[in-house]
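Chemist: Return a 3D structure for these sequence lines:
(one chain, ligands or ions: 1)
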Amino acid sequence: MRDDSQHQKDLDLSVDSEVLGEALFGTAARIVRSHERREKWSALAALEAQTMKRLDEYLSASAQSGSAGAAARFRGQAMGVMFALLPWRAAMKALGDGTARYLAAFRRLETGAQSELDRSFFEYLVAHEVAIRDFAQAELSGASEGSLAPIHALLRASG
Ligand SMILES: [Fe+2]
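Modeler: Numbers count the residues shown, from 1 in each chain. So this is what the prediction gives:
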């Protein structure tokens, strides 16, 4: 049986992560000087914005709610400044590592799905986090050229 209090915590974490993520990637995109890196941070910000929109739609369609922590946007902006200033590899390592906690929550939501609506949205939610993790791993392994492919694929699929 689904643990309803855990389910609500996971929904809140989802909202928090999208607000934080969009602020983080958007801030990093504005600060960074390199055109190539700006394009990468901007694509990540667009994916988070798309995910926030889909999350809002899912929550209203299923008569649920979720709330971000009070300082999510501010934390995201502060982290965005830090990510833009870090050496690229360190930023990619932190980004990839950061997906683990979210993936655990999103997979829990997917496992507890109770309707087709749940299933299709949580599947997307997991896929978007996997795409961010795969992007960071591609950057770390030197496959920088095609690293945005999983991000672009999701933006194309549901943009
Ligand atoms: Fe996200």
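Chemist: contacting residues for whatever residue of the chain ends up closest to the ion?
Modeler: Residue of the chain nearest the ion, by CB to the ion: Gly21 (4.4 Å). (Each C-beta comes from the backbone N, C-alpha and C, glycine too.) Counting by CB atoms under 8 Å, 6 or more residues apart in numbering, Gly21 touches 44-45, 48, 51, 76.
Chemist: Can you say which of those residues are also within reach of the ion?
Modeler: With CB under 5 Å from the ion as the criterion, the contacts of Gly21 include 48, 51 near the ion.
Chemist: Need the contacts of Gly21 in a markdown table (columns: pLDDT and distance to Pro87).
Modeler: Formatted as a markdown table, the contacts of Gly21 follow (pLDDT from 0 to 100; distance: CB to CB, whole Å):
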| residue | pLDDT | distance to Pro87 |
| --- | --- | --- |
| Leu44 | 98 | 18 |
| Ala45 | 98 | 21 |
| Glu48 | 98 | 23 |
| Thr51 | 98 | 27 |
| Gly76 | 97 | 20 |
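Chemist: Need the max-distance pair from the contacts of Gly21.
Modeler: Using CB to CB, the pair of the contacts of Gly21 lying farthest apart is Thr51 and Gly76, separated by 13.7 Å.
Chemist: Residue numbers of the chain in contact with the ion?
Modeler: 18, 21, 48, 51.
Chemist: Which of those fall in helices?
Modeler: 18, 21, 48, 51 (DSSP state H).
Chemist: which ones are touching Ile31?
Modeler: Ile31 touches 80-81, 84-85, counting by CB under 8 Å, 6+ apart.
Chemist: redo that, cut-off 10 Å
Modeler: 37-38, 41, 80-81, 83-85 (CB atoms under 10 Å, 6 or more residues apart in numbering).
Chemist: Noted, bye for now.
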